[in-house]
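# with the input below, show me the fold.
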Amino acid sequence: MIKAVIFDVGGVLLTYKTKGGRNPMPKLLGMPAKRYNSAKEPILHRWFQGKISNAEVFRILGKEFGISPEKLARTELSAYKKYKTLDKPVFKLALSLKRAGYRIALLTNVTANYKAVNVSTLYKRFSPVVCSCDVGFRKPQRAIYKILLKRLRLPARQVIFFDDHKGHVEGAKKVGMHAAVFKNLKQMKVVLKSHGVKI
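Residues are numbered from 1 along each chain as shown. Prediction:
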């Protein structure tokens, strides 16, 4: 019996209001997405794990792009606030599950600067909230799923997880959780019902 429904944040509850849901930063900085992503990729793992500070990240990227760290940090944060949008139907489903007696929680790979934007709004409706930057691990590392289960105080078989990345879903399945790649609200409802969740 499912007792808890776990949501990823980016790509499930939040999406970019841009064509194809793409990160708007490369365009705002006037550079190809490939250049922006290739510069960010080597430090992203540590940033997600909270092992490198926001200040250091923007210092490294600022040097690479020839932009002041302060301007880069402001641009990234303002872009996130402007272009990230809540998927209201999915959010409403989560709240309805909560009212029906199910636990709803978040498991997210997130950097400290983005976490700060959501902690007093979106995050407060869910419990527990497991953020990669707080626990030192990121999906699909086994440890982060174990941390979630420990905080839920539930066995893996009573938990179902939705994420838009297949690798993260596979990571959840490896610890015994039910999990599915999120596609849209209709598909999410079908998956939940197939696991006996009453909607």
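# so where does residue 171 fall, helix or strand?
helix 166-174 (DSSP states H and E).
# contacting residues around the very next helix or strand once past that helix?
Remark: after helix 166-174, the chain's next helix or strand is strand 178-181, criterion DSSP H and E. For strand 178-181, the surrounding residues in contact (Cβ atoms under 8 Å, 6 or more residues apart in numbering) are 2, 157, 159-166, 169-170, 172-173, 187-188, 191, 195. For the C-beta atoms, the positions are set from N, CA and C on the backbone; glycine is no exception.
# how's the protein carved up into domains?
The record's domain split for the chain, according to automatic domain parsing, is 4-16+85-194, 19-84.
# outside of the helix holding residue 171, which residues touch it?
6, 8, 109, 139-142, 145, 161, 163, 178-181.
# take those residues and keep only those in strands.
6, 161, 163, 178-181 (DSSP state E).
# of those residues, closest to residue 120?
residue 6 (20.9 Å; Cβ to Cβ).
# pull the contacting residues for that closest one.
104-107, 148, 159-162, 172, 177.
# and the gap between the residue nearest to it when sequence neighbours are not counted and residue 53?
Residue nearest to residue 6 in three dimensions, not counting chain neighbours: residue 161, with 4.2 Å by Cβ to Cβ, 6 or more residues apart in numbering. From residue 161 across to residue 53, the span is 29 Å (Cβ to Cβ, to the nearest Å).
# mind checking which of the two has more residues around it?
residue 161 (26 against 13; other Cβ atoms under 10 Å).
# residue contacts, the more buried one?
5-8, 107, 169, 172, 177-180.
# beta partners for it?
residue 6, residue 179 (DSSP bridges).
# and the pLDDT for it?
At residue 161 the predicted local confidence, pLDDT, stands at 99.
# over to residue 20?
69.
# try residue 148
For residue 148, the model assigns a pLDDT of 98.
# tell me the spacing between it and residue 154.
9 Å.
# so for those two, which residue has more residues nearby?
Applying other Cβ under 10 Å to residue 148 and residue 154 shows that residue 148 carries more neighbours, namely 26 against 17.
# hmm, the more buried one is touching residue 103, no?
No: counting by Cβ atoms under 8 Å, residue 148 sits too far from residue 103 to count as a contact (11.0 Å).
# correct me, but residue 102 touches residue 93?
No: counting by Cβ under 8 Å, residue 102 stays clear of residue 93, with 10.7 Å between them.
# how close does residue 28 get to residue 11?
From residue 28 over to residue 11 (counting by Cβ to Cβ), the distance is 20 Å.
# the more surrounded of those two?
More crowded of residue 28 and residue 11, by other Cβ under 10 Å: residue 11, with 18 against 15.
# quick check, pLDDT for the more buried one.
93.
# from residue 162, how far out is it?
In terms of Cβ to Cβ, residue 11 sits 10 Å off from residue 162.
# now do residue 116
24 Å.
# of these two, who's got more company?
The residue with more neighbours, out of residue 116 and residue 162 and counting by other Cβ under 10 Å, is residue 162; that gives 27 against 13.
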